[in-house]
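>>> everything below, folded, please.
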Amino acid sequence: MTAKLLKSVKVVRTVYRQKKKREITSEEFTGMMVHMMTQYREQKRTIQTMVVICMLGGICYVVQGVLDIGGIIVGISAGSGMQPVLPAIIAAAISLVIGGVSIRISRYFRRYAKVWDARLDALSRSEGELDRMLEQG
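Model (predicted):
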C-alpha cells in the first residue's frame with residue numbers, strides 16, 4: 001500500500017528532475033499537474049487509510065511508553081535499584097519516540113491530503129465554470 005504510493009511519487013519526482021534541467025513549458029507543467037492529480041485521486045483512499053493507521057499506531061506506542069514509565073515508577077518505589085529499571089527506561093523512550101513520530105507522520109499525511117483535496121475542489125469549480133461558459137457561448 002505505502003510502497004505503491006511512494007513509487008508514484010518517485011515517478012513524478014524523476015520526471016520533474018529530468019525536465020528541471022531545461023525550461024519547463026506550460027504544457028509540460030500542466031501535464032505534470034494533471035498526472036499528480038490523477039495519482040492523488042487513485043490513491044486517496046490509501047492515504048486516508050495511512051492517516052488512520054499511523055495515528056492509531058502512534059497512540060498505541062505512546063500508551064505503551066506511558067505504561068513503561070509507570071513500571072519504572074513502581075520499580076523505583078519498590079526499591080529494586082537502577083539495574084532492572086534501565087531496560088524499562090530504554091523501552092519507554094523507544095515507545096514514546098516511535099509513537100511521536102507516527103503521530104507526526106499521520107499529521108503530514110493529513111496535511112498532504114488536505115492540500116490536494118483543495119486543489120481538486122478548485123479544479124472541479126473551474127471545470128464547472130468552463131462548462132457554463134461553453135453552454136452560454
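>>> what about A92, how many residues close to it?
As a burial measure, A92 scores 19 neighbours (other Cβ atoms under 10 Å). All C-beta atoms are positioned from the backbone trio N, CA, C, and that covers glycine.
>>> quick check: the gap between it and G70.
9 Å (Cβ to Cβ, to the nearest Å).
>>> secondary structure element for the closest residue to V101 other than its chain neighbours?
Computed as Cβ to Cβ, 6 or more residues apart in numbering, the closest residue to V101 that is not its neighbour in sequence is G58, at 7.4 Å. Assessed by DSSP states H and E, G58 sits inside helix 26-77.
>>> on contacts alone, who are the packing partners of that helix?
helix 2-20, helix 85-136 (3 or more Cβ pairs under 8 Å, 6 or more residues apart in numbering; DSSP states H and E).
>>> check contacts around the closest residue to G75 other than its chain neighbours.
The spatial neighbour of G75 that comes closest, neighbours along the chain excluded (Cβ to Cβ, 6+ apart), is V85 at 4.6 Å. Counting by Cβ atoms under 8 Å, 6 or more residues apart in numbering, V85 makes contact with 72, 75-76.
>>> kindly report the same for A93.
Contacts here follow Cβ under 8 Å, 6+ apart; on that basis A93 touches G65.
>>> change it to 6 Å
By Cβ atoms under 6 Å, 6 or more residues apart in numbering, A93 lies in contact with nothing.
>>> most centrally placed residue in this protein?
F109 (2.3 Å; Cα atoms, centre = their mean).
>>> my read is that that one contacts T49, right?
No. F109 lies out of contact with T49 (Cβ atoms under 6 Å); the separation is 9.6 Å.
>>> flag the shaky bits of the protein, pLDDT-wise.
Where the chain drops to pLDDT under 70, the residues are 1-9, 11-12, 15-16, 18-22, 79-84, 137.
>>> which positions in stretch 48-56 come out as buried?
Under the neighbour-count criterion of 16 or more other Cβ atoms under 10 Å, stretch 48-56 has 50-51, 54-55 buried.
>>> which of those residues sits closest to S102?
Set against S102, the nearest of the buried residues of stretch 48-56 by Cβ to Cβ is C54 (5.0 Å).
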